[in-house]
Each structure stands twice: as structure tokens, then as C-alpha cells.
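J.: no letters, just coordinates:
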């Protein structure tokens, strides 16, 4: 019901309990695709498993620690974006995923562009960080298109099932964003 | 940031901590007007006093017990709407207030019309209740315009500072709404 | 162990954990009778299921939100009475049930009479509310005999398994009680 | 409201929030008398200070860890009795105090006699312990009159303001009680 | 990782989660031996059952209520010591067990000697209590060798599976310790 | 009382409540020195302010999220080391500070060397991260001497009173450590 409008076809939506089925289907249909990057997918086996997850996402918002939103594209859930705040340092980190079918349409990029503006302007955030798998070139393309600067490589930063993966760390500062847009 | 769009000029917005100043000003500027109907206004003396209130509103959402939204009209906060769920009986109750300056424009009525549709359609609510002060005719006009049925009088239902006030109880059922709109 | 004496044969008793068997038996033997009016009965299948319920009832008392007491009649548990407070409005609502075998003896009526006096005199309550199923004439007889005024009908106020039921709302105010007794 | 009747003049009463004034007065009027034995008295300076204490006593009951009751004698609060359970060992310990004015009437002794019967019979307690200050002969007289056996001396068992005090430990077992009464 | 060194062969170690297997094995290999004295042994059937126990022990430390340490002798876990504080009375009570294989080497006695010094000197404790099963002569030898004074017998102080056992209560006061060592 | 021995002169100690004075003095005497790098120093104005901090550090341990230890050098507290775990990725991050007087003696370096071995060997950690202020060359010397690899610069990673500071990110992986020592 509550969302942040990105443009006429995209909105970022806070999920509530009556949408547990809808978000579960998104995850279930992209299981193989997501599994490559995200550990927690395997644990979610039914819509009921989403109930505590949805609660957790909203508690995150209530505690002012961040928020997790679904991406709705032409009425259909196609991905998610998560934001975590580090208020002491006026910093935020962003994560995201999009369904296989909806890749390549710039949905994440345009959504983050709008979201980043909000974080800098209304939330008084100074630094935004994005970490991408070192071998996930598609994911890396997003911060690069948004003008993020590559800061370094977090070696063995993520453990996935049976191996470690390096992460590329990108950041964008408020004054850089002011120059860009 | 997260809102429910009512029409081009009205949206219902979930308030977050960075908006404590904005919501405090709405309450502070309508203190005399609100004081007549609402007990808790006197306890809120600064924007800081809103911090736990905003947290409480969002926890309400996280616990799936209801939600509290600000009404934004042409970019300005002009009132609030609160919804509480009674899931066991598939019922919801609604409360609201609007600033003195924004009365008489039908802002609450049109907002509730859209909100009620959501509650019946997406939240599977069967019964919606509104209680109005017996001497608050403006407030009573709202459920009456929305087709609510007057169910009875809750005698001495509200204690305000130094006296009791009767409340008129209105309700709308899902099947009635289906007929109307 | 702790109780409120109504008269020589009736007392209202705070249940403790060592009585889980006794209260379970009351519910179990009246299952069909209670099932008609009360949703939660089906979930209680053994004395162990009463352990968290008894804890919840006593926490209610500790938090000053209300209390739940068993009705003991000539030494035997025959029903229950629950009181919930709304301190902000100095109001209380009362619910009750009695076993099939003990109906028709005025046990609830006399118990409530004494309880209501306590609520008005010692707890400084101003308004007491009772809601009865619209088709439960026996239950309605109780507030009527106690001088409660019928305030209205809460349409589809209760969901029972597969259908909605209207509720009749009764109330008694402190000054009315003063006149009566 | 909820009490355990000892005899026609004495009852043991669970205190609730509307009685904070009454229990504070008992403590305040016996401050010097109590201060000799009880450390926590000095911290209670107004009826408001009793609010969290009353809540704590009732939570004790809700958690099935024990209970704290006021002694009402001919309508007036004259003392308190506290019981703590050690369920793993089916044991209970009892503490008490009585106002200066009400000493010497056997109020505690007769109250404990009835209470002990309840603990053995209904709560399935096997062992009851009472600890008394080594120089508090009046207090020691109570377990002695009740047939408790002196088990030993807990050296420096209590710290009072500026010195340690030995405690005499008394106990009564279930089978001993069966013989006695 | 964190421990209190007793001498070159003995240290008292705070257990952490990565040691759940090690502590489970100690308990499992001494099950029959421990079962005689300790009730909770039967409930621990795998290393996973130790996870909440280890957490509980460390929370005890965090809340400043006491601590529970494993005894490591020449690199191997051979027993445990638990300390509980009663800050209001500047008192502590101590419990312990040692594996069958490691009995008779004075490990507990020398460990407690050092621990007791710490409690009196750094924790400002005034009284230390040890309770031993009345028929457990080996256990009683420990406080006796440490100069504790026998204060009395706690009759039926412990319930073990199907019978009650008397406990001998020993204590040592700070000034006594000062004289001794 | 509980510590990790680094060598004959250095140990890493878990602080408890009776040491609040001692840790406060370390912070208070190094206020100007610490203030340059650490934001939270200004909030600690007395030993009492350390009580919740010490509790928080120990809860960290109890929840298996990390630990915070004081560095004791020849009997005197000279600094602190904090470790936070990210179990999902088998990673840990380390922070530290040392008093002005104790700089230049290699105390932190040798302490971390031993600590790192523990983390890799006993805690099954795969990656250890250290972040240093970009203009804090002394601090950077530590991971460099320990063979950590410089991964990148976290731009504006820390907010200090009135300005942002870049952080250098260093890491050491388990297999690298195996080669080194």
C-alpha cells in the first residue's frame, strides 16, 4: 500500500503481511538465479516463511535502521532493494536483486537514481556504499552507471554455500552527486 | 518517503524520524483546535517528543496491528489518519484529524474513500468502524458522506481533561461498500 | 488461593498454574456449549495448553490492564469473568461464560453486581460495557437485569469459524449505578 | 480485591495499583520500625514509588515464582507476607513484617499457619524455610510457635546499611506439618 | 579464550559457543557420575543442547550476577565451577563438579582457594557459601579443607529425580580468610 | 579476572563491573589523545558512565557477536581491543586504541598477532579486517607490520565531530596467515 514512486511504471513498495504470497513467488521463481548470489534464499520454502521476514523488514524501518522495498514494475514484483543506515557516520549501504526476466531494462539503475537523491536530500546521508560480487559484472554495471567510484576489493568478503567470493566496494558521496545530477 | 497516493493533490504518508519537526509543527499549530478532541496533544511539547511517537506508529505497522499516516495536501502536512486492525474479527477502526485551515475541502472524505477500498479489497477487512464525538458535527459528516451506518451512541465513551463525551459509532461492511462504489 | 467473595456459595478466583487441570476440565466439558460463542476454545486441547493462558491472565493483572477470574460455585469451577480496563477513558468492558449445567441460577448476575460495585467504587471506573451476541438471549438477559442500557448494535462485530455475528452493546455509567443500588 | 481469608478479622490481599497510597502509608508510618530489619524501606519516599513495586509483586505471581500479599486486619493494612518458590526442589521461603502497633496479637502466626497448609496441600511444596535476624527474637518466635525446626545460623547473611547480621534458618517439611495439625 | 590461571596446570575458562562440543563431551562422559548429584544432566543430549546453556552462562556474567567456568587441567576440561552473587548482602555461593577420572587430585580445592581470594579482594565479597549433599563426603571435604565453617543442615534441600536429599551448608567470611592465608 | 595471556607482560582482559573506575581512568587520562579518533569518548564523564558500557561489552560476548578486552601491560590498563564477528561470512573486524604513554612499544602489534592466531585457529574465522584513519599513520603501521593487505580507501567513512575522515581498509585471510607465521 505504501510506496515510493520512481516513474510511471516503477514504484518501490513497503511489503506488508498480506503480500507474503506475492513476495514468496518472486523469490521462488528466481531461486536458481538468486541462489548464485544470495545465501538466504534456500531457507525460504513457502509463503509462511516470509511472515517473519516481512516483520523484520518493517521493524528495520521502525527502528530507523534502514528499509527493504519490493520493486513493482508495471504492477508486478520484479526485485527488491535494501538500505541500511549507519547514522553515526551519516552513511548508507544499498543492496538489490532483480528477477531474471526483468534484467536489462535499467529498472534497478533508475530506481536507485531516485532513491539516492532522497537519501542525500531528505535523510542527510553523506556517503552511499554498494558492494557487488567480483564476478557479477551485471551488478557492477549499476553503481558504475550511477557514477559511484570503485574504492577497492573486499577479499573473500562473502561466503556462498561452499566458497568465498571477493566483493567490489563502490561509493558515492553527497557532493559528487550534487555535481552529477 | 513511502506513501499511498489518493489523487493528484493528496497522499497519505508514513512518517519517519527525519520528519519529526514537520509533524510536530502540524500539531503545534493546531493545538487549540485539536485539544478540543484529542487528549494526547498536550503531552507533545517539542519535535523531540515526536521521536517515540513516530517509532510507535511504525512498530504498529511492523506488528501488523494498524498504521498511522500523515495527510499531505499540495505538499503540506494537514492532518493524520490512523487505522487499527482486529484481525480475529476481520475488522478495522479508523480515526483522523485535519488542521483548522484545511477543513471543508473534503480532504478526509476522499482520503478515506480510497483507504476503505484498500482495506476491503487488499486487507480482506469485513467491517470498518468510525467513532465521532457526539457534539462534533463536522467529524460526523465524514462517515455519513461515506455511507457508514450509525450503530448507536457510546455513552461517556471519551474522557477529555475534565469531562466525559458521548461518541457516535458508525460502521461500514464490505458488502455495503460493494454496492455503493 | 486469591479470590473475591461474592456470597456464601460464589467466589471469583484468580487462577494459578497448579489449577491448569481444573480450568481445562471446565472448558473441555463445555466445549460444545462454548464453541457456539467463543472462538478460542478449539485451540485448547489439554491442561498444558492452559499454562500460557493462565500466565497471560495474571500478566494482565500485573500490567493493570484487567483481570480474568474463575467463578467457583459451591467449590466447583462453573465459569469465568474477564474485565479489561481503558484507563484513559476510565472505562471497563466485561465478558463472561458459564457452564451449561450452571445456567439459570443467576450466578453471573449476582457476581457481576458485586464486581460492578467494586469497579465503580474502588477502581474509579466511570463506564462499564458488555457486548452480547445478537442471538444469545440468555447472555443479553444479564446486562438487562443489571440495569445496563442498550446502546446499539455492532454489526458483524464477531467472526465465528465461518460467519459473522452482530453484537448488542450495553453500558452502565457510575451515576446510574449510584441511583440503582 | 483478591484475597485469601485467614479468619473473620484477617485476610491476605494481593495489592493492585489503586492501593499504592494505602501500602505506602503502612510503610511510611513504620519506617523506623522497619528500617531496623529491611533495607529497601529507605528507597520508598512516596506512593508513586510503590507503582513499580506493586507491578513487580504481581509479575512474581504471573511468573509463578511466588507472591507478595498485604495483611489486612479488621480492614486495615498492618503488614506483608512474601512467598518465593524454588520449584525444582519443591521448596518455598517466607518473609514477613508487621507494623509496630499490631505486634503481639499473633496476626503473622495465624496467617502463616493457614498459608503453610495451602503451600503443602495445594502447591505441592515439600519444604518451607524462614530466615530471621539473629537478634530479632520476636520474629524468631513465629517459626518456633509454628513448629519449624532450627537448622543453623547463616553467618553475616544480611547486610544492613553499615553492618552484617547473622540469620537463623528455620524449616518445616511437609510430613512434619501433617503430624502437627 | 578467556581464563583465570590457577597454576601451571589448572585454569578456569569462560566457555564460548565454539566449545559446545568440548563441554558436551565432558558432561556426556560423566553422565552416570554426575547424575547422582545433578538434575539437569539428563536434559543435555547433544552439543547443540549446550548452545543456550553457554549463552546463559555468559549472560550471567554480563548481568553481573555470577559466572560459570570450566576447569581445564593439563589442557583438558575436567569440571566446572559456578559462582552466584547476592550483591545486596555482599555474598556469593559456589557450586562445582569434577569428572570421575580427575577426582582426588585436589583440582577443585586449589582452584577454589585462588577463586575465593579474588572474590574477597577484588569483588568485595564478605561471605561465601557452599552447599554439599549430606551423603557426598568427597564434596564436603572441599569446604572443610578450605577452612569453611559448617553452619547447619538444609533438610530436604534438593530434589533428585525421585527423592529429597539434605544439604550441608558451609560458609567462609572475609575476615576468616584474612586470618587463614 | 578472565584474560587471554599474550606474553609475560601483556594480557587481554574481559572487564567486569568492579573495574568501571579503572577503565574510566584510562579513558579520562587519554581524552585528548583519543578524542582525535574516537567519537564516543566525550560522552563518558564518570566511572558510572562505564557501567552500561561494560554490560554492553559482555552482552556482545554472550550473544557471540564479538568481544571487547582491555590491554593490561605490566599490571596497568593501557588500551583496548574490540572484535566483531560476521559469522555468515566467517569474517571478523578488529578495532583498538592505546594510551599515549604506551605507544611505540609494539603492545598492540604483539597482542593482535596472538589474537589473530586464535581467531583463525579456534574461531574458524577466514577473513580479518582492520580500518584505520587515513591520516593516522601510527595506526596503519599495525596492520602493515602484521602482513595485512591494503584493500582500498573507504572515502568519508567516519564522521568526527565536524568533519569526515577517509579510512584505509586492510585485511588478512586465513591462508595468508598460515604462510606467514
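T.: That came through fine. Just so you know, these numbers come straight off a predicted model, no measurement behind them.
J.: what residues of the longest helix along chain A count as buried?
T.: What stands out as the longest helix in chain A, according to DSSP state H, is helix A:107-121. Under the neighbour-count criterion of 16 or more other Cβ atoms under 10 Å in any protein chain shown, helix A:107-121 has A:107, A:108, A:110, A:111, A:112, A:113, A:115, A:116, A:119, A:120 buried. Backbone N, C-alpha and C define where each C-beta goes, glycine included.
J.: ok, those vs chain F, which is closest?
T.: Distance to chain F across the buried residues of helix A:107-121 (Cβ to the nearest Cβ) is lowest for residue A:120, with 12.6 Å.
J.: tell me the one among the buried residues of helix A:107-121 nearest to chain E.
T.: For the buried residues of helix A:107-121, the nearest to chain E is residue A:119 (35.5 Å; Cβ to the nearest Cβ).
J.: who touches the closest one in this structure?
T.: A:83, A:92, A:125, A:128 (Cβ atoms under 8 Å, 6 or more residues apart in numbering or on different chains).
J.: okay, how far is it across stretch A:60-73, tip to tip?
T.: 24 Å (Cα to Cα, to the nearest Å).
J.: what's the answer for stretch A:97-110, then?
T.: 14 Å.
J.: what does that stretch contact?
T.: By Cβ under 8 Å, 6+ apart, stretch A:97-110 touches A:6-7, A:10, A:26, A:29-30, A:33-34, A:37-38, A:71, A:73, A:78-81, A:96, A:138, A:142, A:145-146.
J.: in CSV: the contacts of residue A:119, plus distance to chain B and pLDDT.
T.: Shown next, in CSV, are those (distance: Cβ to the nearest Cβ, whole Å; pLDDT from 0 to 100):
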residue, distance to chain B, pLDDT
A:83, 10, 97
A:92, 13, 98
A:125, 10, 97
A:128, 15, 98
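J.: any chance of these in JSON lines, plus secondary structure, neighbour count and distance to residue F:54?
T.: What follows is those, written out as JSON lines (DSSP: H, G, I helix; E, B strand; the rest coil; neighbours: other Cβ atoms under 10 Å in any protein chain shown; distance: Cβ to Cβ, whole Å):
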{"residue": "A:83", "secondary structure": "strand", "neighbour count": "25", "distance to residue F:54": "33"}
{"residue": "A:92", "secondary structure": "strand", "neighbour count": "22", "distance to residue F:54": "31"}
{"residue": "A:125", "secondary structure": "coil", "neighbour count": "23", "distance to residue F:54": "32"}
{"residue": "A:128", "secondary structure": "strand", "neighbour count": "25", "distance to residue F:54": "35"}
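J.: Produce a ChimeraX select command limited to the buried residues of the contacts of stretch A:97-110.
T.: In ChimeraX, a selection of the buried entries from the contacts of stretch A:97-110 looks like this (16+ other Cβ under 10 Å):
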select /A:6,10,26,30,33,34,37,38,71,73,78,79,80,81,96,142,146
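J.: of the contacts of stretch A:97-110, which belong to strands?
T.: Residues of the contacts of stretch A:97-110 located in strands (DSSP state E): A:10, A:71, A:73, A:78, A:79, A:80, A:81, A:96.
J.: okay, those residues in CSV with pLDDT and distance to residue A:175 next?
T.: Output for these, formatted as CSV (pLDDT from 0 to 100; distance: Cβ to Cβ, whole Å):
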residue, pLDDT, distance to residue A:175
A:10, 98, 27
A:71, 97, 28
A:73, 98, 32
A:78, 97, 32
A:79, 95, 29
A:80, 95, 29
A:81, 96, 23
A:96, 94, 24
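J.: closest one of those to chain E?
T.: When the ones in strands among the contacts of stretch A:97-110 are compared against chain E (criterion: Cβ to the nearest Cβ), the nearest one is residue A:80, at 31.1 Å.
J.: residue A:69 is in contact with that closest one, correct?
T.: Yes - Residue A:80 is within contact range of residue A:69, at 6.8 Å (criterion: Cβ atoms under 8 Å).
J.: low-confidence regions, chain A specifically.
T.: A:36-39, A:177-181 (pLDDT under 70).
J.: where does it get nearest to chain E, residue-wise?
T.: For chain A, Cβ to the nearest Cβ, closest residue to chain E: residue A:159, 16.5 Å.
J.: which residues touch the closest residue in space to that residue that isn't next to it in sequence?
T.: Ranked by Cβ to Cβ, 6 or more residues apart in numbering or on different chains and with sequence neighbours excluded, the top spatial neighbour of residue A:159 is residue F:89, at 4.6 Å. Contacts for residue F:89 (Cβ under 8 Å, 6+ apart) come out as A:156, A:157, A:158, A:159, A:164, F:126, F:127.
J.: got JSON lines for these, with neighbour count and secondary structure too?
T.: JSON lines is the format used below for those (neighbours: other Cβ atoms under 10 Å in any protein chain shown; DSSP: H, G, I helix; E, B strand; the rest coil):
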{"residue": "A:156", "neighbour count": "20", "secondary structure": "strand"}
{"residue": "A:157", "neighbour count": "22", "secondary structure": "strand"}
{"residue": "A:158", "neighbour count": "21", "secondary structure": "strand"}
{"residue": "A:159", "neighbour count": "18", "secondary structure": "strand"}
{"residue": "A:164", "neighbour count": "18", "secondary structure": "strand"}
{"residue": "F:126", "neighbour count": "18", "secondary structure": "coil"}
{"residue": "F:127", "neighbour count": "24", "secondary structure": "strand"}
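J.: of these, closest to residue F:17?
T.: residue F:127 (33.5 Å; Cβ to Cβ).
J.: gap between residue A:48 and residue C:161?
T.: According to Cβ to Cβ, to the nearest Å, residue A:48 and residue C:161 sit 22 Å apart.
J.: OK, contacts around the closest residue to residue A:113 other than its chain neighbours?
T.: Excluding its sequence neighbours, the residue lying closest to residue A:113 (Cβ to Cβ, 6+ apart) is residue A:146, at 6.2 Å. For residue A:146, the contact set (Cβ under 8 Å, 6+ apart) comprises A:109, A:112, A:113, A:116, A:172.
J.: how distant is the longest helix of chain A from the center of its chain?
T.: 11 Å (Cα atoms, centre = their mean, to the nearest Å).
J.: for the residue in chain A positioned nearest to chain F, list each beta-bridge partner.
T.: Taking Cβ to the nearest Cβ, chain F has its nearest neighbour within chain A at residue A:152, 1.5 Å off. Beta bridges link residue A:152 to residue A:169, residue F:152 when assigned by DSSP bridges.
J.: burial count for it?
T.: Using other Cβ atoms under 10 Å in any protein chain shown, residue A:152 has 18 neighbouring residues.
J.: I'd like to know how far it sits from residue A:171.
T.: From residue A:152 to residue A:171 the distance is 10 Å (Cβ to Cβ).
J.: equivalent analysis for residue A:4, please.
T.: Residue A:4 is 22 Å from residue A:171, by Cβ to Cβ.
J.: between these two, which one's more packed in?
T.: Neighbour tally, residue A:4 and residue A:171, criterion other Cβ under 10 Å: the higher count belongs to residue A:171, 24 against 19.
J.: so which strand or helix has that one?
T.: Residue A:171 belongs to strand A:163-173 when elements are defined using DSSP states H and E.
J.: what packs against that strand?
T.: Under the contact criterion of 3 or more Cβ pairs under 8 Å, 6 or more residues apart in numbering or on different chains; DSSP states H and E, strand A:163-173 touches strand A:127-133, helix A:137-145, strand A:149-160, strand F:149-160.
J.: residues contacting the shortest one, please?
T.: Just to be clear, that refers to strand A:127-133. In contact with strand A:127-133 (Cβ under 8 Å, 6+ apart) are residues A:37, A:89-95, A:116, A:119-120, A:139-140, A:142-143, A:148, A:154, A:157-158, A:165-174, F:154-157, F:164.
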